[in-house]
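Engineer: I would like the atomic coordinates for the input below:
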Amino acid sequence: MIEVEDLRVTFSNGAEMVTAVSGVGFTVREGESFGLVGESGSGKTTVLRTITGLNDHWSGRIAVAGRQLGPHRDKPFYKSCQMVFQDPYGSLHPRHSVDRILAEPVAIHRLGDADRRIDRVLREVGLGPSFRFRYPHQLSGGQRQRVAIARALILEPRVLLLDEPTSALDVSVQAEILNLLKRLRAEHGLTYILVSHNLAVVGVLCDRLAVMNRGRIVEEMDIARLHRGEAREGYTRQLLRASQGYDRAAAAAFRDYA
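Structural biologist: Below is the predicted model of the structure:
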C-alpha cells in the first residue's frame, strides 16, 4: 500500500542546509499498521508530513496504492490518504462547529449527502449526533481527537497517517483512543503509519516498526521482538531503556483491554 525509497528531505536554515531525512525507505502492506519510532528530531514526523504532501522539498520515491507521487498532491490522493495530527485542539478551527468541521471535506470533494455522512462518522468514533453542533472549546481532549479522527474518516480513506495521536491526552483517554483506532482499522481495512515516541502505544497499535535516529532508519523489527526487548542496534537498545513510556506489563494490559 505504501512504498518509500531513498527519501531525503532538507530544509534551509539561512545559508545552511539541514538534512532532516536521509535515505529512508520502508514498505507498508495493505491493512498493516506500521510504526515510526525515535526521539524528538529524529525525522519521523518529517517523513509523515512528506508522504501527506506538507513538505514539498524532497527527493526519492513515494508511492501510495501503487501510484507514484510527486511534490504536490491532488484531491483523489487526499480522499484516499488522510492525516490525524498530534494536537487535537490546534488541528480544529476554534470558531467552527463540529458540523462545519466535518462538512468541509465533504463539500471540497463534492461527495454529497453530508448529513448522513456526518451522522454516521460521529457514531463510528463514539460521539453521536448530540456533539454535532458543539465547538472545540466545549469538548474534552479525547472528544476533540475523536472529531479529528472523524474528519479523516468522513472521506472513507484507505490510509491514515497518525502523528502522535495520543501524546496530548491523559493515559486513560489514550487507551480509549487506541481502542478506537484498532476497531476502526479492523472495520474499515485501513492501513496505518503511526509516528510516536511512546513504545507502549506502538506496542499496542502496530504490527511492525522502524526506529529512526538522526534522519535515518537504524533498525526494523516486528512487534513480537519489541515485546521481548530484542534489539540488534545499540541505539534501539538505548531507546528501549530510556523510554519511560514503554512498560511491557502496561502494553500487555492495553492489548487485553482492547
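Engineer: in the longest helix belonging to the chain, what counts as buried?
Structural biologist: Once the chain is assigned using DSSP state H, the helix that runs over the most residues is helix 171-188. Of the residues in helix 171-188, those buried by neighbour count under the rule 16 or more other C-beta atoms under 10 Å are 173-182, 184-185. Any C-beta I mention is one placed from the backbone N, CA and C, and that applies to glycine too.
Engineer: also stretch 123-135?
Structural biologist: Buried residues in stretch 123-135, defined by neighbour count with 16+ other C-beta under 10 Å: 124-127, 131-132.
Engineer: can you redo the residues you listed as TSV with pLDDT and distance to L139?
Structural biologist: Rendered in TSV, the data for the buried residues of stretch 123-135 read as follows (pLDDT from 0 to 100; distance: C-beta to C-beta, whole Å):
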residue	pLDDT	distance to L139
E124	96	17
V125	96	12
G126	94	13
L127	95	9
F131	96	7
R132	96	12
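Engineer: now stretch 87-105, how far from the chain's geometric center?
Structural biologist: The gap between the average C-alpha position of stretch 87-105 and the chain average comes to 18 Å, counting by C-alpha atoms, centre = their mean, to the nearest Å.
Engineer: one more: stretch 125-143?
Structural biologist: On the basis of C-alpha atoms, centre = their mean, the separation between the geometric centre of stretch 125-143 and that of its chain is 21 Å.
Engineer: sorry, back to before: check which element follows the longest helix of the chain along the chain.
Structural biologist: Sequence-wise, the next helix or strand downstream of helix 171-188 (DSSP states H and E) is strand 191-196.
Engineer: list of residues touching that following strand?
Structural biologist: Outside strand 191-196, the residues within contact range by C-beta atoms under 8 Å, 6 or more residues apart in numbering are 1-2, 28-37, 44-45, 47-48, 51, 158-167, 181, 185, 201-202, 205-206.
Engineer: weed out the non-buried ones from the residues you listed.
Structural biologist: By the neighbour-count criterion of 16+ other C-beta under 10 Å, those include these buried positions: 1-2, 28, 32-37, 44-45, 47-48, 51, 158-166, 181, 185, 201-202, 205-206.
Engineer: filter those residues down to the ones in strands?
Structural biologist: When the buried ones among the contacts of strand 191-196 are checked against strands (DSSP state E), the matches are 2, 28, 33-37, 159-163.
Engineer: of these, closest to Q68?
Structural biologist: Within those, the smallest distance to Q68 is 11.8 Å, found for I2 (C-beta to C-beta).
Engineer: so what's the closest one up against?
Structural biologist: Contacts for I2 were tallied using C-beta under 8 Å, 6+ apart; they are 27-28, 34, 51, 63-64, 159, 191, 193.
Engineer: now R95
Structural biologist: Under the criterion of C-beta under 8 Å, 6+ apart, the contact list for R95 reads Y135.
Engineer: quick one: contacts of whichever strand or helix holds A20?
Structural biologist: Secondary structure assigned from DSSP H and E places A20 in strand 16-28. Strand 16-28 is contacted from outside by 1-12, 34, 43, 46-47, 50, 58, 60, 191, 193, 210, 212, 214-217, 220, using C-beta under 8 Å, 6+ apart.
Engineer: repeat for stretch 233-241
Structural biologist: Under the criterion C-beta under 8 Å, 6+ apart, external residues in contact with stretch 233-241 comprise 37-39, 199, 211, 213, 218-219, 221, 229, 231, 246.
Engineer: hmm, try it at 10 Å
Structural biologist: Where contact means C-beta atoms under 10 Å, 6 or more residues apart in numbering, the residues beyond stretch 233-241 that reach it are 37-39, 42, 197, 199, 209, 211-214, 216, 218-221, 225-226, 229-231, 246.
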